[in-house]
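Enquirer: no FASTA, just this:
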């Protein structure tokens, strides 16, 4: 396995590019990761009480090196018209959470790798698209946007770097299409991020799990939008087919609509903790699930990377055992 030396560029968020008819399959019969049983502390933010606490999560799966897999579900697909005037305060600037800059003033010189291969998803009524989410976090004087995915009936995944201590409200909207139709709007009640990320900003821990309340009619997000299938990622061979979809800010500016955009691409470098790929990205797509050819989430997009040899790729943390341990600890509660 190659050992990577890279410079992390504080730049942006995700998508992809087309390719070849023959591609390498994923070899995930063992995790082959050094931290399979590592105990990790997490910071839990209670948005309703505006309090935070520390929770400790151990490896209780008893799976050893066997990858954990979680089966998603379709959901009932009940779509509704969304009134964003109740959610978006247009007087607040939209901030990129990774850089702290306003979205329309942000420079992302290599978020697009070569020609822009992104396309708009026209039909968000089918899986996995309807379980992919637009996320807005509101503070007192600004808002920030990220992407995410539904991973359980009340849980959504995104990036840890999307989270700040100033958040007063979080709103998750799955399957948003042309700013009009979606599978409900859900308020975030709790946010859980690895303490390791808050201390080091290490990309391998750049994930967060959001707990969301039922909608105003008592529907759970997973029951309506569906739940993504996901699994722990073992060794991902170079040239493996990947895909990702999210809510990019540049397309919002171009079209004046909030819509789902994405593409397919290829894995480009091997690393025990991170996925690297040639898929195009833009701000707003932080937290977008990275999917394999079977539409299983195996990673979470977080940023662009410049390597010491000058190569520029996008990437994000793989789904690994510490993510599974956190997920199981929440679901079992």
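Expert: Great, that's in hand. Treat the numbers as computed from the prediction; the structure is a model and nothing was measured.

Enquirer: how far does stretch 179-192 sit from its chain's centre?
Expert: Here stretch 179-192 is found 14 Å from its chain centre; the criterion is Cα atoms, centre = their mean, to the nearest Å.

Enquirer: kindly report the same for stretch 142-160.
Expert: 6 Å.

Enquirer: 42 is where my numbering starts, stick with that
Expert: That works, and once the first residue is 42, the last one we named lands at stretch 183-201.

Enquirer: how long is it end to end?
Expert: Terminal residues of stretch 183-201 are spaced 18 Å apart (Cα to Cα, to the nearest Å).

Enquirer: got the contact list for the helix or strand hosting residue 86?
Expert: Assigned by DSSP states H and E, residue 86 belongs to strand 81-87. Taking contacts as Cβ atoms under 8 Å, 6 or more residues apart in numbering, the residues outside strand 81-87 that touch it are 92-98, 204, 208, 230-237, 239, 363, 366-367. No exception for glycine: its C-beta is placed from N, CA and C like everyone else's.

Enquirer: which of the residues you listed fall in helices?
Expert: Within those, membership in helices is found for 236-237, 239, 363, 366-367, as judged by DSSP state H.

Enquirer: quick one: which of those residues has the most company?
Expert: Scoring the ones in helices among the contacts of strand 81-87 on neighbours with other Cβ atoms under 10 Å, the highest-scoring entry is residue 363 at 26 neighbours.

Enquirer: now do residue 115 against residue 257, distance only.
Expert: Counting by Cβ to Cβ, to the nearest Å, the separation of residue 115 from residue 257 is 23 Å.

Enquirer: cool, residue 93 as well?
Expert: Applying Cβ to Cβ, one obtains 27 Å for the distance of residue 93 from residue 257.

Enquirer: can you check residue 308 too?
Expert: With Cβ to Cβ as the criterion, residue 308 and residue 257 are 41 Å apart.

Enquirer: re the thing from before, what strands flank the strand holding residue 86, and is each parallel or antiparallel?
Expert: strand 92-98 (antiparallel), strand 227-235 (antiparallel) (DSSP bridges).

Enquirer: may I see the buried residues of it?
Expert: Across strand 81-87, burial judged by 16 or more other Cβ atoms under 10 Å covers 81, 83-86.

Enquirer: again, but for stretch 155-165
Expert: Taking 16+ other Cβ under 10 Å as the neighbour-count basis, stretch 155-165 is seen to contain the buried residues 158-159, 162, 165.

Enquirer: out of these, which one has the weakest pLDDT?
Expert: Comparing pLDDT over the buried residues of stretch 155-165, residue 158 scores lowest. The value there is 83.

Enquirer: what kind of secondary structure is that one in?
Expert: At residue 158 the chain is in coil, as set by DSSP: H, G, I helix; E, B strand; the rest coil.

Enquirer: was I right to think it contacts residue 321?
Expert: Yes. Residue 158 is within contact range of residue 321, at 5.5 Å (criterion: Cβ atoms under 8 Å).

Enquirer: what ranges does the stretch 42-191 of the chain have for its strands?
Expert: The residue ranges that make up the strands of the stretch 42-191 of the chain, judged by DSSP state E, counting those that start in this stretch, are 47-50, 81-87, 92-98, 110-111, 121-122, 135-136, 160-161, 173-179, 184-193.
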